[in-house]
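S.K.: Next comes the sequence, and after it the predicted model I'd like to discuss.
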Amino acid sequence: MSLTGKVALVTGGAQGIGRAVVESLLQSSVKVAVVDLNQEVGCECKVQLDTEYGEGNCTFIQCDITDGDTLKDAFQTTVDQFGQLDIVVNNAGINNEKDWEKTIQVNLTSVIKGTYLALDHMSKEHGKRGGVVINVSSMAAFLHSPHQPVYTATKHGVIGFTRAIADASSLADYGVRINVLCPAFVDTPLLHSVENEANMGKFVKFKDDFKHSMNKFGVLKPPQIAEGMMRMIMDSSLNGAVMKITCSKGIHFHTYEPLSA
Ligand SMILES: NC(=O)C1=CN([C@@H]2O[C@H](COP(=O)(O)OP(=O)(O)OC[C@H]3O[C@@H](n4cnc5c(N)ncnc54)[C@H](O)[C@@H]3O)[C@@H](O)[C@H]2O)C=CC1
Ligand SMILES: CCCCC/C=C\C=C\C(=O)C/C=C\C/C=C\CCCC(=O)O
C-alpha cells in the first residue's frame with residue numbers, strides 16, 4: 001500500500017505509542033488527525049508536529065473516545081478537513097483496575113466503535129475506497145497476569161473482535177484490512193501507572209512483582225512499536241493478522257492452530 005496522499009486518524013495520538021505512530025505516518029507524507037482526550041498534551045503535540053513536519057499536515061481533535069457522538073464527530077471532522085480517510089489506528093488505552101468498567105469502555109468498547117466508524121468511512125459496502133484499521137492490544141492478551149485482570153480481558157477482547165471483523169471484511173469484500181498489534185512493555189506514561197493505587201486498586205500490592213516482570217522481559221521504546229505498525233499498515237497481504245512485538249523476538253506474528261473437526 002503506497003502511503004502518498006493518504007489520511008490517517010490515530011486515537012491516543014498525543015503521547016506514548018500513538019505519538020510515535022503519528023510521527024512515522026507524517027514522515028511518510030500521510031496527513032494525520034490526532035484524536036486524544038488530553039487537551040494540554042494534544043495542543044503541545046500539535047505545535048511540535050507543525051514545527052517539525054510543516055503546518056497543514058496534522059490536526060489535533062480533543063475527544064473522549066468513550067463518548068460515541070464525539071468520536072463520530074472526530075471521524076467526520078477528519079474527513080471534512082482532509083477530504084478522505086484511509087488509515088485508522090485505534091490505539092488509546094488506559095490501565096485502571098480500580099475503575100475497571102471505564103477500562104472496558106476505553107480499551108474495548110471504544111475500539112469496537114472506532115472500527116465500525118472506520119468501516120462507515122472506508123468500506124466499499126458504503127461506496128468508499130477501502131483502507132486499513134489497526135487495533136492496539138497487548139502481550140497481556142497472551143498472559144494471565146494477576147496484576148491486571150480487567151486490562152487483560154480487554155486486550156483478549158480486542159484480538160477476538162479484530163480477527164472476527166477481519167473475516168467479515170474479507171467475506172463481504174469491504175476492501176478494509178483489519179489487524180491487531182500486541183506490544184510487550186513499552187516505555188510510556190501508562191507503564192508508570194502501576195505505581196499508583198488510583199490505577200491499580202488492590203492490585204498495587206503486586207507492584208514489585210510487576211517490576212520484576214519488566215526487568216525479566218525488558219522494556220521497548222515507542223518507535224519500535226511504530227515500526228511494526230507501519231509494516232502492518234503497508235503490507236497489503238495482511239488481514240486479521242496478530243503482530244507481537246517483544247524484546248526477545250522483535251516484530252513477529254502469532255500463529256493459530258487450524259480448527260480440526
Ligand atoms: N505502554 C505499554 O507498556 C503498553 C501499552 N499498550 C497499549 O498501547 C496503547 C497506547 O498506550 P501508551 O502509549 O502506553 O499509553 P499512554 O498513556 O502513554 O497514552 C495513551 C493516550 O491515550 C489517551 N487517552 C486515554 N483515554 C482516552 C480517551 N477516553 N479518549 C481519548 N484519548 C484517550 C491519553 O490521553 C494518552 O494520550 C494502549 O492501548 C495500551 O493499552 C500495549 C502494550 C504495552
Ligand atoms: C502489571 C500491571 C500492568 C498495568 C498496565 C501497564 C502496562 C501495560 C503493559 C502491557 O500492556 C504489556 C503487558 C504485559 C506483557 C509484557 C511482557 C510480555 C513479554 C513476553 C515476552 O517477551 O516473551
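M.R.: Received, thanks. Numbering: from 1, shown residues only. Ligands and ions are numbered 1, 2, ... in the order given.

S.K.: Show me which residues of the stretch 51-200 of the chain sit near ligand 1.
M.R.: By CB under 6 Å from any ligand atom, the part of the stretch 51-200 of the chain that sits against ligand 1 consists of 63-66, 91-94, 106, 136, 138, 183, 185-186, 188-191. Any C-beta I mention is one placed from the backbone N, CA and C, and that applies to glycine too.

S.K.: Apply 5 Å and report the result again.
M.R.: By CB under 5 Å from any ligand atom, the residues of the stretch 51-200 of the chain that approach ligand 1 are 64-66, 91-93, 106, 136, 138, 183, 185-186, 188-191.

S.K.: Mind giving me the PyMOL command for buried ones among the residues you listed?
M.R.: Remark: buried members of those, expressed as a PyMOL selection using 16 or more other CB atoms under 10 Å:
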select buried, resi 65+66+91+92+93+106+136+138+183+185+186+188+190+191
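
S.K.: Between all of the residues of the stretch 51-200 of the chain next to ligand 1, which two are at the greatest distance?
M.R.: Asp64 and Phe185 (26.2 Å; CB to CB).

S.K.: which stretches of the stretch 101-250 of the chain form helices?
M.R.: With DSSP state H, counting those that start in this stretch as the definition, the stretch 101-250 of the chain shows helices at residue ranges 110-122, 149-172, 189-192, 197-200, 207-217, 222-234.

S.K.: can you put those helices in CSV and add distance to ligand 2?
M.R.: Shown next, in CSV, are the helices of the stretch 101-250 of the chain (distance: least, CB to the nearest ligand atom, whole Å):
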stretch, distance to ligand 2
helix 110-122, 14
helix 149-172, 6
helix 189-192, 5
helix 197-200, 7
helix 207-217, 4
helix 222-234, 11
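
S.K.: Now do the same for the residue of the stretch 51-200 of the chain found nearest ligand 1: helix, strand or coil?
M.R.: Residue of the stretch 51-200 of the chain nearest ligand 1, by CB to the nearest ligand atom: Gly93 (2.2 Å). With DSSP: H, G, I helix; E, B strand; the rest coil as the basis, Gly93 sits in coil.

S.K.: Roughly how far does it sit from ligand 2?
M.R.: Per CB to the nearest ligand atom, to the nearest Å, Gly93 is found 8 Å from ligand 2.
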